[in-house]
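*Asks:* Mind folding the following:
(one chain, ligands or ions: 1)
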Amino acid sequence: MSSIASARYGKDNVRVYKVERDEKTGVQTVTEMTVCVLLEGDIATSYTHADNSVVVATDTMKNTVYVKAKEHPVTPPELFASILGTHFVETYPHITTAHINVITHRWTRMTIDGKPHPHSFYRDGAETRTVEAAVQKDKIDIKSGIKGLLVLKSTGSQFHGFVRDEYTTLPEVYDRILSTDVDCAWGWKTLAGLDAVKAAIPKFDQAWADARTITMKTFAEEDSPSVQNTMYKMCTSILAAAPEVDTVDYSLPNKHYFEIDLSWHKGLKNTGKDAEVYAPQSGPNGLINVTLARSQIPSKL
Ligand SMILES: O=c1[nH]c(=O)c2[nH]c(=O)[nH]c2[nH]1
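*Replies:* Got it, this is the predicted structure:
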């Protein structure tokens, strides 16, 4: 005997672009997103008995994304995800949860001759703003985040005092390069529904801006003793900046840059304090994860 333990289905990689035109000023603003919709509910018979009467076609979900993007604002993405999810749980009684993921891509306005250009943009990096919303009839859980923010500092990072045993070759290091691809997310206290999301609208952009600033400022300014400790400080600062946020998590690869001994060539000095040319490594890399929950913050760091 077997039974379905969990099931959800939907449309992934729905790419949407929306332009907003200010007719008075001629200024246009663009948003490009990749959306994923997965529905959950009384759908088991579609798997077990080929019962398509419970299936909202994934093609219908794609169409709905376009229509809702036309009818409603697509920013902040937390609002759009909530509008979209609420539509599915209110329209189809047997759907209990709509999982909506929105990835917003960067289109940064060009500055031409010192002035913001009204309708031209450029992609200034692979960084994205992310939203994962689990929308039910009476509550919405949202996790917002930043992915793909690649950062590097050429000094101001150390790593020493770690376990040394017969497997250890890594030297203690007091000055190293630190580089990572930031994957950070913050989970909001459960919202009671779409009206609660609407009431929180300004907080979503503010938290995103704060998380981004905190990530970069902490990374840049701290003399980092380890990725673990630096990311913990980022988490505590985000929790302090955003009272409506309950959890913060980071997943940071440690992208290694190895020194190269060039002494074999005419005695060139390129290690320790003389190191200038390094070999960036594509793998293996460290991977350091943490989730911090508000109740777990000690009163002092
Ligand atoms: O910041 C670091 N944390 C580690 O756990 C670790 N392990 C390692 O080899 N290098 C580093 N760096």
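
*Asks:* hey, let's count contacts and neighbours off CA atoms from now on
*Replies:* Noted.

*Asks:* mind saving the C-alpha coords of the helix ranked longest in the chain as CSV?
*Replies:* Secondary structure assigned by DSSP state H gives helix 201-221 as the longest helix of the chain. Taking Å, rounded to 0.1, in the frame of the first residue of the first chain, the C-alpha atoms of helix 201-221 are listed here in CSV:
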residue,chain,number,x,y,z
ILE,A,201,3.9,47.5,1.2
PRO,A,202,6.6,50.1,2.1
LYS,A,203,8.3,47.6,4.5
PHE,A,204,9.2,45.2,1.7
ASP,A,205,11.3,47.6,-0.3
GLN,A,206,12.8,49.0,2.9
ALA,A,207,13.8,45.5,4.2
TRP,A,208,15.4,44.6,0.8
ALA,A,209,17.4,47.9,0.7
ASP,A,210,18.4,47.4,4.3
ALA,A,211,19.5,43.8,3.8
ARG,A,212,21.5,44.7,0.8
THR,A,213,23.2,47.6,2.5
ILE,A,214,23.9,45.6,5.7
THR,A,215,25.3,42.7,3.7
MET,A,216,27.7,44.9,1.8
LYS,A,217,28.6,47.3,4.7
THR,A,218,29.3,44.4,7.1
PHE,A,219,31.3,42.5,4.4
ALA,A,220,33.4,45.6,3.6
GLU,A,221,34.0,47.1,7.0
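
*Asks:* Now do the helix or strand that that helix is followed by: distance to the chain's middle.
*Replies:* Beyond helix 201-221 on the C-terminal side, the first helix or strand identified by DSSP states H and E is helix 227-241. Distance, stretch centre to chain centre, for helix 227-241: 15 Å (C-alpha atoms, centre = their mean, to the nearest Å).

*Asks:* Near the ligand, which residues of this structure are found?
*Replies:* For the chain, the contact set with the ligand under C-alpha under 6 Å from any ligand atom comprises F159, S226, V227, Q228.

*Asks:* Give me the neighbour count for N270.
*Replies:* 16 (other C-alpha atoms under 10 Å).

*Asks:* Using the three-state scheme, assign it.
*Replies:* Per DSSP: H, G, I helix; E, B strand; the rest coil, the secondary structure class of N270 is coil.

*Asks:* measure it to D205 for me?
*Replies:* 45 Å (C-alpha to C-alpha, to the nearest Å).

*Asks:* sorry, back to before: restricted to buried residues, select the residues of the chain next to the ligand in ChimeraX.
*Replies:* In ChimeraX, this line selects whichever of those come out buried by 16 or more other C-alpha atoms under 10 Å:
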select :159,227
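
*Asks:* Show the residue spans covered by the strands in the stretch 1-150 of the chain.
*Replies:* 9-21, 28-41, 95-105, 108-112, 115-122, 128-135, 140-153 (DSSP state E, counting those that start in this stretch).

*Asks:* What are the buried residues along the last one?
*Replies:* When you say that, I think you mean strand 140-153. Neighbour-count burial for strand 140-153 [16+ other C-alpha under 10 Å]: I140, D141, I142, K143, S144, G145, I146, K147, L149.

*Asks:* What is the burial count for the closest residue to A241 other than its chain neighbours?
*Replies:* Nearest non-adjacent residue to A241, counting by C-alpha to C-alpha, 6 or more residues apart in numbering: D210, 7.1 Å away. Residues within reach of D210, counting by other C-alpha under 10 Å, total 16.
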